[in-house]
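>>> Fold the following and give me the result.
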Amino acid sequence: MTVGHRRFLGTAIHGTNARTRGAGSTERSSSACRALMGQRSPRRWAEEPNEDQRNAAQADLSEAVYHELGLSRNESAQMVESVLDHISGVLTAGEKVKISSFGTFSVREKKGRIGRNPKTGEEAPIHPRRVLVFRPSHVLKDKINGETTSAG
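I've put the predicted structure just below:
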């Protein structure tokens with residue numbers, strides 16, 4: 001992991017910015033964190049969200065990294081891609097991914113079973129599969145519900 005990756009992870013997950021640490025700038029220091037939590041990206045802050053703007057896309061995350069760390073747009077996109085590749089690789093291997101103050105991603109094994117077509121009533125086999133599960137942290141749940149916590 002490069003220095004830029006560590007700086008990005010520290011910024012996005014913990015909401016601190018090495019450039020403004022001590023300056024007390026919480027607005028600038030938490031922009032990457034807001035983007036990761038599905039809120040509007042920096043380029044859309046002035047606009048009201050409409051139906052197309054309710055989800056944070058990978059490009060929005062890259063843009064947040066670009067504005068927050070001052071890297072080039074290409075480097076920011078590569079960094080976000082690298083982090084997402086690493087997370088998906090860990091999940092593919094069947095391990096858990098815990099992100100402090102955000103939540104835990106894990107893979108769960110589901111058994112095969114017999115299902116039923118609700119329209120026709122015909123039985124159909126549902127094959128065993130692996131599903132992705134996300135469990136949000138209490139800090140994230142409190143933020144979503146508008147409550148304040150000592151950790152957030």
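
>>> Same question for the top helix by length along the chain: list its buried residues.
Ranked by residue count and defined by DSSP state H, the top helix of the chain is helix 73-92. Neighbour counts using 16 or more other Cβ atoms under 10 Å place Glu75, Ser76, Ala77, Gln78, Met79, Val80, Val83, Leu91 of helix 73-92 among the buried residues. Glycine gets a C-beta too; all of them are placed from N, C-alpha and C.

>>> For the next helix or strand after it, name the packing helices and strands.
Next along the chain after helix 73-92, taking DSSP states H and E as the criterion, comes strand 97-99. Using 3 or more Cβ pairs under 8 Å, 6 or more residues apart in numbering; DSSP states H and E as the contact definition, the elements that strand 97-99 packs against are helix 73-92, strand 103-110.

>>> what sits up against strand 97-99?
Ile13, Ile87, Val90, Leu91, Thr104, Phe105, Ser106 (Cβ atoms under 8 Å, 6 or more residues apart in numbering).

>>> Doesn't His67 lie inside a helix?
Yes. Assessed by DSSP: H, G, I helix; E, B strand; the rest coil, His67 belongs to a helix.

>>> That one: how many residues sit nearby?
Using other Cβ atoms under 10 Å, His67 has 18 neighbouring residues.

>>> gap between it and Lys119?
Distance of His67 to Lys119, given as Cβ to Cβ, to the nearest Å: 49 Å.

>>> same check, this time on Phe102
39 Å.

>>> Tell me which of these two has more neighbours.
Phe102 (19 against 6).

>>> Quick check, the more buried one in contact with Leu140.
Yes. With contact defined as Cβ atoms under 8 Å, Phe102 counts as touching Leu140 (5.6 Å).

>>> what does the average pLDDT come to for stretch 101-112?
Average pLDDT, stretch 101-112: 96.

>>> picking that back up, reformat the helices and strands packed on strand 97-99 as a markdown table; add distance to Phe134.
Listed next are the helices and strands packed on strand 97-99 as a markdown table, based on distance: least, Cβ to Cβ, whole Å:
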| stretch | distance to Phe134 |
| --- | --- |
| helix 73-92 | 10 |
| strand 103-110 | 5 |
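
>>> closest to Ala56 out of these?
helix 73-92 (10.9 Å; Cβ to Cβ).

>>> what's that closest one packed up against?
Contacts defined by 3+ Cβ pairs under 8 Å, 6+ apart place helix 73-92 against helix 3-14, helix 58-69, strand 97-99, strand 103-110.
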